[in-house]
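Visitor: Okay, predicted coordinates and the sequence, questions at the end:
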Amino acid sequence: MPVAEFGYVAESGNLDLEDLERQMDALTGAVIIQTPNFFGIVEQVKARGNRPPPRRAAVVVFTEAVSLACCSRPATPMAQI
């Protein structure tokens with residue numbers, strides 16, 4: 001099974017969704033996304049998930065739980081306090 005890497009946006013360190021879409025074809029079975037990525041950026045996985053799934057490829061998100069200890073907790077909306 002061939003494996004291909006897709007690019008990232010140099011200015012932000014986020015994955016390049018356009019490059020990902022270009023590299024996918026009818027034989028693409030899965031896309032693996034690591035978050036936080038190599039640069040420490042927490043990927044906006046929903047941005048990828050909200051697009052219609054081209055060619056029915058599975059999206060697998062890999063997260064190292066220990067790395068998330070460095071992230072701040074999401075704010076609680078005032079309506080829930």
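Guide: Looks like it came in fine. Note that the structure is predicted; figures quoted are calculated from it, not measured.

Visitor: need the helix or strand of the chain with the lowest average pLDDT.
Guide: Every helix and strand of the chain was ranked by mean pLDDT, DSSP states H and E. The lowest is helix 45-49, at a mean of 62.

Visitor: State the next helix or strand along the chain beyond it.
Guide: Past helix 45-49, heading to the C-terminal end, the next element that is a helix or strand (DSSP states H and E) is strand 58-62.

Visitor: And the average pLDDT for that next one is what?
Guide: Throughout strand 58-62, pLDDT has a mean value of 82.

Visitor: That one - which strands sit beside it in the sheet, and in what orientation?
Guide: Strand pairing for strand 58-62, determined by DSSP bridges: strand 30-34 (parallel).

Visitor: And the partner strand, what's buried?
Guide: Within strand 30-34, the residues scored as buried using 16 or more other Cβ atoms under 10 Å are Val31, Ile33. From N, CA and C alone the C-beta is placed, and that goes for glycine too.

Visitor: How far away from the center of its chain is it?
Guide: On the basis of Cα atoms, centre = their mean, to the nearest Å, strand 30-34 sits 7 Å off its chain's mean C-alpha point.
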